[in-house]
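Undergrad: based on what follows, work out the 3D shape:
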Amino acid sequence: MGQSTFKGGTHPYEGKELSMSTPIDVMEPGEELVFSMSQHIGAPATPVVAVGDTVKMGQMIGEASGFISANIVSSVSGTVKAVEPRLLSSGAKATCVVITNDGQYEPIEGLGEDRDYTALSKEEIRQIIKDAGIVGMGGAGFPTNVKVTPKNEEDIDYVIVNGAECEPYLTSDYRLMLERAEDLVQGLRVVVSLFDMAKGVIAIEDNKPEAIAKLQYLTQDDPKLEVKVLKTKYPQGAERQIIYVVTGRCINSRKLPADAGCIVDNVQTVLAIYDAVCKRTPSMSRVMTLTGDAMAEPRNYEVKFGMSHAEVLEKAGGLLDGGAEKLISGGPMMGMAMYDLNTPVTKTSSSILAMSKDEVAAWEPTNCIRCGRCATVCPSHLVPQMMAQAAERDDLEYFEKINGMECYECGTCTYVCPAKRRLTQIFKQARRAVMDNRKK
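TA: Here you go, the predicted structure:
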């Protein structure tokens, strides 16, 4: 079994054994669901319902308000209780549509019906993806219909399913690759059909042998599809890294994957495409990993959008008696600490990670000892030590000059730093300041 990888990276504790062996459970929501109109990169959706309206499951409640935007669909049937700003996990506030769940799950007409994608035109498939409100569910939340409609359609020769799932503790993609392998392969065929010259590649780290074997079996007779085995290393699943490993092509922050002839989609995104195109089901739920050493019953759950994180944690069995010092939305490397669980699950909510000890808070950063470890592991081949110096003296011009904007905040430098310097945090603030200056 050949392995492919990139230069740099690191090997944090995986933690996947906590939740990887149990099947996905379906979680039923309570009586109130909160649907943020900002579940994606780009302009927030515009609410198209008002207080008192009755809605059905699968009905659009927020309409994309620009080219880079996405529709929002109700995951339940019920009555609109409010349209008001609510707090999100990021700490920001966004307009939300609040729906009282009637428990009937009355569907819109045709929901769940089979549909033959080969009878559809490319334009029809792209419109279905747009109508379904599908966005990248691996983290960034980029509207998928925009991604699969590049300017250079004829130059796309790779459609890559990112099944690396390199972030420690997270296992939702792994479980889906096992439990919905046939749907994943069919979803990939749908995307490949949009590009005449493309072949489909499912890229998986070699710590997932069962998923590799199953998907190799399902793709062995299809000359347009293949499974690519990657070496287990963080951040193997980063878009730039996976493109380089699969194709040998390099992109930077000024390029899109399409500029390298690639479309890259996360496992859950491809399954959402399958559901929308082949099963007439818009984007209404996702699989979340509930895990960590403070979680009472670590496992994966299919969760409807709009449920609150507090409700999800409670229905998953809650925390162990000792409680958690830290709760993270996402994984330990790139996730965000949560200070309020009364926030809605959105299209990009990948997990609740409960840690009994907050090791990072206990860190006492000391001066840089110029050991160079951060430069050795940086997957973007940057020199974090010099970037940190520039950022700390507020020299944003020099920060840009030494390619600081090529950092995508993966956290490897912080992870290996013996001086425990909060490098990723420093770069996040510097990059935001540069972007703010550019907007001005």
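Undergrad: number of residues surrounding Q385?
TA: As a burial measure, Q385 scores 19 neighbours (other CB atoms under 10 Å). C-beta here means a position set from N, CA and C on the backbone, and glycine is covered the same way.
Undergrad: hmm, it is touching C378, no?
TA: No: taking CB atoms under 8 Å as the definition, Q385 is not a contact partner of C378, at 10.2 Å.
Undergrad: which ones are touching the closest residue to L111 other than its chain neighbours?
TA: Nearest residue to L111, sequence neighbours excluded (CB to CB, 6 or more residues apart in numbering): G58, at 4.5 Å. Neighbour list for G58: V73, S74, P107, I108, L111, T281, P282, M284 [criterion: CB atoms under 8 Å, 6 or more residues apart in numbering].
Undergrad: identify the farthest-apart pair in these.
TA: The largest separation in the contacts of G58, counting by CB to CB, is between S74 and T281 at 12.8 Å.
Undergrad: the two - which one has more neighbours?
TA: For S74 versus T281, neighbours defined as other CB under 10 Å are more numerous around S74 (27 against 21).
Undergrad: touching, that one and F35? I think so.
TA: Yes: using CB under 8 Å, S74 makes contact with F35 at a distance of 6.8 Å.
Undergrad: what about the residue positioned nearest the centre of the chain, distance to V287?
TA: In the chain, the C-alpha nearest the mean C-alpha coordinate belongs to G138, at 1.7 Å (CA atoms, centre = their mean). From G138 over to V287 the distance is 12 Å, taken as CB to CB, to the nearest Å.
Undergrad: cool, Y244 as well?
TA: From Y244 over to V287 the distance is 28 Å, taken as CB to CB.
Undergrad: more neighbours: the two, which one.
TA: Neighbours were counted for Y244 and for V287 using other CB under 10 Å; V287 has more, 24 against 19.
Undergrad: if you count contacts, what does the helix or strand where that one lies end up packed against?
TA: Using DSSP states H and E, V287 sits in strand 285-291. Judged by 3 or more CB pairs under 8 Å, 6 or more residues apart in numbering; DSSP states H and E, the packing partners of strand 285-291 are helix 172-179, strand 299-304, helix 309-315, strand 351-355.
Undergrad: among those, which comes closest to I129?
TA: Short answer: helix 172-179, nearest of these by CB to CB, at 18.5 Å.
Undergrad: can you name the next helix or strand after the closest one?
TA: Downstream of helix 172-179, the next assigned helix or strand under DSSP H and E is helix 181-192.
Undergrad: in that following helix, what counts as buried?
TA: A181, D183, L184, V185, Q186, G187, L188, R189, V190, V191, V192 (16 or more other CB atoms under 10 Å).
Undergrad: so how far is the helix ranked longest in the chain off the chain centroid?
TA: As assigned by DSSP state H, the longest helix anywhere in the chain is helix 423-439. Put simply, helix 423-439 sits 21 Å off its chain's centre (CA atoms, centre = their mean, to the nearest Å).
Undergrad: now it: buried residues?
TA: Applying a neighbour-count criterion of 16+ other CB under 10 Å, the buried positions in helix 423-439 are L423, T424, I426, F427, A430, R431, V434.
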